[in-house]
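Chemist: test case, fold it:
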Amino acid sequence: MSKPGFTVLEIIAVATFLIVAGVVLMFQVEKINTESINSQKKVAVNAIYYSLEESFYKENKFYPEQINKDTLKTMDPQLLVDPSGIMIGEPGSAYRYEPRDCRDGKCNSYSLRAILTDESDFVHESRNK
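Modeler: I've put the predicted structure just below:
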């Protein structure tokens, strides 16, 4: 007569299943977090780009040599700070503003990029060159 309960083999099978499911879940959560951060970076770069093109350039007919909250008044200044808390233009920032052909603080073009994780950089070039 057998006693009610689980065999060692059943317990090992269930434990193995739970461990594998936990590892898969952990990798999926990491992937979702990475995609979310990349999406935040793309939204910020798009906002900076449209503020430069639709507001700053139309008003001034040039691009700024540096970007800060004073040069881009038409957007939320928090978007100038990357998800790690580093302001655009500071070392280590995931956002890069690279002005070109500048004279006396007035530039003719630029490249704007976000450094993404597990993807190519997200890049906008100035419309007017």
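Chemist: for the chain, which spans come out with low pLDDT?
Modeler: For the chain, the stretches with pLDDT under 70 are 1-2.
Chemist: now the strands for it?
Modeler: 63-64, 95-103, 106-114, 122-125 (DSSP state E).
Chemist: any idea which of these gets closest to Val45?
Modeler: strand 106-114 (4.5 Å; C-beta to C-beta). Every C-beta, even on glycine, is put in place using the N, C-alpha and C of the backbone.
Chemist: distance from that closest one to the middle of the chain?
Modeler: Remark: strand 106-114 is offset 18 Å from the chain centroid, using C-alpha atoms, centre = their mean, to the nearest Å.
Chemist: angle of it against strand 95-103?
Modeler: Counting by axes from the mean of the first three to the mean of the last three C-alpha atoms, to 10 degrees, strand 106-114 lies at 160 degrees to strand 95-103.
Chemist: that older thread, compare the strands of the chain and give me the one nearest Ile48.
Modeler: Ile48 lies closest to strand 106-114 among the strands of the chain, at 6.1 Å (C-beta to C-beta).
Chemist: most residues in a single helix of this protein, which one?
Modeler: helix 8-51 (DSSP state H).
Chemist: that one: how far from the chain's middle?
Modeler: Relative to its chain's centre, helix 8-51 lies at 16 Å (C-alpha atoms, centre = their mean).
Chemist: thinking again about what came up before, can you add mean neighbour count and give the strands of the chain back as CSV?
Modeler: Shown next, in CSV, are the strands of the chain (neighbours: other C-beta atoms under 10 Å):
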stretch, mean neighbour count
strand 63-64, 22
strand 95-103, 16
strand 106-114, 18
strand 122-125, 15
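Chemist: so which of those strands comes closest to Gln78?
Modeler: So among these, strand 95-103 is nearest, using C-beta to C-beta, at 12.4 Å.
Chemist: what's that closest one in contact with?
Modeler: 41, 44-45, 48, 63-67, 80, 82, 88-89, 107-115 (C-beta atoms under 8 Å, 6 or more residues apart in numbering).
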